[in-house]
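Trainee: Below are the sequence and a predicted model; questions follow.
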Amino acid sequence: MVDNSYTAKYAGKEVTVTGTNLTYDTIAIKQVNANTLTEERSKKGGKYHASVRTVVSKDGKTMTATQKGSGADGKAFTAVAVFDKQ
């Protein structure tokens, strides 16, 4: 289980993430437009770094989050999560 907490504005400023079992401890979120956010996640002193782009469809029914980066082991990864509004 991962538990995290942070407070951030959509200005791209890096803030600290607290919690348990975290792969990253800083995040910077930026609003690109009304439907798109980008995030930079990283672990200070570690190899983990990911860029995340989250897009909500114009009809508001689907949200897609695409992650690319390197894991704690330094290996590259890509992940895509798609959420449908119920």
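Mentor: Okay, I see it. Since the model is a prediction, treat every value here as computed from it, not as a measurement.

Trainee: and the end-to-end length of stretch 57-71?
Mentor: Counting by CA to CA, to the nearest Å, you get 28 Å between the two ends of stretch 57-71.

Trainee: Can you list the strands that the helix or strand hosting Ser51 pairs with?
Mentor: Assessed by DSSP states H and E, Ser51 sits inside strand 49-56. Counting by DSSP bridges, the strands paired with strand 49-56 are strand 36-42 (antiparallel), strand 62-70 (antiparallel).

Trainee: is it true that Gly60 touches Asp84?
Mentor: No: the pair Gly60 / Asp84 is not scored as a contact, 10.9 Å apart, by CB atoms under 8 Å. (C-beta placed from N, C-alpha, C; glycine too.)

Trainee: Pull out the buried residues from the strand holding Ser51.
Mentor: By neighbour count with 16 or more other CB atoms under 10 Å, strand 49-56 contains the buried residues 49-50, 52, 54-56.

Trainee: How about stretch 5-24?
Mentor: Buried, per 16+ other CB under 10 Å, within stretch 5-24: 8, 17, 24.

Trainee: Which residues does it contact?
Mentor: 1-4, 25-31, 37, 40-43, 48, 50, 71-72 (CB atoms under 8 Å, 6 or more residues apart in numbering).

Trainee: Just the buried subset of these, please.
Mentor: 25, 27-29, 37, 40-43, 48, 50.

Trainee: Pull the most distant pair out of the residues you listed.
Mentor: Leu37 and Lys43 (20.4 Å; CB to CB).

Trainee: Output the strand holding Ser51 as CSV, nothing but the C-alphas.
Mentor: Extracted C-alpha coordinates of strand 49-56, given in CSV (Å, rounded to 0.1, in the frame of the first residue of the first chain):
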residue,chain,number,x,y,z
HIS,A,49,12.3,10.3,-12.0
ALA,A,50,9.0,10.3,-14.0
SER,A,51,7.2,12.7,-16.2
VAL,A,52,3.4,12.3,-16.1
ARG,A,53,0.9,13.8,-18.5
THR,A,54,-2.8,13.6,-17.5
VAL,A,55,-5.5,14.5,-20.0
VAL,A,56,-9.2,14.6,-19.4
